[in-house]
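> Fold the following for me, if possible:
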Amino acid sequence: MENKQRNPFASRDRKPKITAKHPKRQEKPRLNKKHESSTKRVTDEVVSGTGERIQKVLSRGGLGSRREIERWIDEGRLKINGVLAMHGAHLKAGDYLQLNERVVHWDKFAQQATRVLIYHKPTGEIVTRHDPQGRPTVFAQMPKLDTARWISVGRLDVNTSGLLLLTNNGDLANKLMHPSTEVEREYAVRILGEVSDEKLELLKKGVPLEDGEAKFDQIYFMGGEGVNKWYHVVVSEGRNRLVRRLWEAQNVVVSRLIRVRYGPIVLPEKLRTQKFYELTAKELELLFEFAGLPAEKIN
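Sure thing, here's the model as predicted:
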């Protein structure tokens, strides 16, 4: 599966913006009457003691995003040592964790080496773990992990191909996807017909959509023959089908859409569809620096 393509940080024509052993599994603690109460919250000792915040541990393990885990806490779905978890709770060695009354062996997520894959997604695949319609999924193409699971950094719809980042590090995924980071996404777009300069200027200035105004940060004409024209466009947000909707708002038909860059990562030219490339240690350092994360979070 692995395709050893080099230089994923290299721009095409211009420079873009810039294991430890797992701890031994603990036995289930014996819970006294006080711990059995479902109305009590975790004690100050759990909150203020040593360990890591529960959101960080579970997101790193790929169980969900930090926002999802915070919602689980609000809904009373998480328990530590038999009592409901509260915001700010830390997990320490020996703590017994439950999600929806089922045991979570969170110790597996305590330490693991960060991995990041560049995957060339083809059209027809969907970015989900299970599809009721039986369509092929991106995650079925990924190598198996001994612990945790792969997290996709954003999504591509079923008809969009190109670069998709996947990682086992929830902190990194969260940082790269968070709206405040405003990570650039660059797409190659094939459209039908000509587009006037007035429409292009409007697309760069701002177009009203049903979920608010949006625009392309940059638009580059890349050529084309006959009725097919190619453009490269750059956006700094990840709203659903944003690129297609912007063109459609100007009555322009998009016949093909390929993501070629996410932040500083460029899709390697020789990376075939359904193949992946894993970032090296040096490339991981550069990506962490771009995301504003300390290097120690790589391991």
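
> Residue nearest the middle of the protein, spatially speaking?
In the chain, the C-alpha nearest the mean C-alpha coordinate belongs to Val153, at 1.8 Å (C-alpha atoms, centre = their mean).

> Quickly note the distance from it to Thr167.
7 Å (C-beta to C-beta, to the nearest Å). (Each C-beta comes from the backbone N, C-alpha and C, glycine too.)

> got any residues that touch both of the two?
Ala173 (C-beta atoms under 8 Å, 6 or more residues apart in numbering).

> quick one on the thing from earlier: any idea how many residues pack against the closest residue to the residue nearest to the centre of the chain other than its chain neighbours?
Leaving aside its sequence neighbours, Val153 sits nearest to Leu165 (C-beta to C-beta, 6 or more residues apart in numbering; 3.9 Å). Applying other C-beta atoms under 10 Å, we find 23 residues neighbouring Leu165.

> Check the secondary structure at Leu165 for me.
Secondary structure for Leu165, judged by DSSP: H, G, I helix; E, B strand; the rest coil, is strand.

> ok, it - contacts?
Leu165 makes contact with 116-119, 152-154, 176, 262, 265, according to C-beta under 8 Å, 6+ apart.

> likewise Gly223?
229-230.

> And Phe109, by the same measure?
So Phe109 contacts 57-58, 60-61, 147-148 (C-beta under 8 Å, 6+ apart).

> now do Thr181
By C-beta under 8 Å, 6+ apart, the neighbours of Thr181 are 175, 291-292.

> Tabulate these (TSV), appending neighbour count, secondary structure and pLDDT.
Converted to TSV, the contacts of Thr181 look like this (neighbours: other C-beta atoms under 10 Å; DSSP: H, G, I helix; E, B strand; the rest coil; pLDDT from 0 to 100):
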residue	neighbour count	secondary structure	pLDDT
Lys175	20	helix	93
Ala291	20	helix	94
Gly292	8	coil	93
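
> What is the nearest of the residues you listed to Tyr220?
Ala291 (25.6 Å; C-beta to C-beta).

> Would you confirm that that closest one contacts Asn174?
No: counting by C-beta atoms under 8 Å, Ala291 does not reach Asn174; the two are 9.4 Å apart.

> any low-confidence regions in the stretch 151-299 of the chain?
297, 299 (pLDDT under 70).

> Quick one: the helices in it, in order.
In the stretch 151-299 of the chain, the segments counted as helices under DSSP state H, counting those that start in this stretch are 170-177, 197-205, 242-249, 281-291.

> Buried residues in the third one, which are they?
Residues of helix 242-249 classed as buried: 242-247, 249 (neighbour count, 16 or more other C-beta atoms under 10 Å).

> try the second one
When neighbours are counted by 16+ other C-beta under 10 Å, the buried residues of helix 197-205 are found to be 199, 202-203.

> Kindly reformat those as a markdown table containing distance to Ala140.
Listed next are these as a markdown table, based on distance: C-beta to C-beta, whole Å:
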| residue | distance to Ala140 |
| --- | --- |
| Lys199 | 40 |
| Leu202 | 41 |
| Leu203 | 36 |
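
> Closest to Asn100 out of these?
Taking C-beta to C-beta as the measure, Asn100 sits nearest to Leu203 out of these, at 45.4 Å.

> rewinding a little: what bridges to the residue nearest to Val153?
Beta bridges link Leu165 to Ile118, Val153, judged by DSSP bridges.

> So that it lines up with my notes, have the first residue be 588 from now on.
Let's use 588 as the start, then, which means that last one is Leu752.

> closest to His717 among the contacts of Thr768?
Lys762 (26.6 Å).

> Could you double-check that the closest one lies in contact with Glu876?
No: here Lys762 does not reach Glu876: they are 11.6 Å apart, not a contact under C-beta under 8 Å.

> shared neighbours of those two, which are they?
Common neighbours of Lys762 and Glu876, counting by C-beta under 8 Å, 6+ apart, are absent.

> what sits against Thr860?
Thr860 touches 707-709, 748, counting by C-beta under 8 Å, 6+ apart.

> how about a cut-off of 10 Å?
By C-beta atoms under 10 Å, 6 or more residues apart in numbering, Thr860 lies in contact with 706-712, 728, 748-749.

> distance of it from Glu771?
Thr860 sits at a distance of 23 Å from Glu771 (criterion: C-beta to C-beta).

> Can you tell me which of the contacts of Leu752 are buried?
By 16+ other C-beta under 10 Å, the contacts of Leu752 give 703-706, 739-741, 763, 849, 852 as buried.
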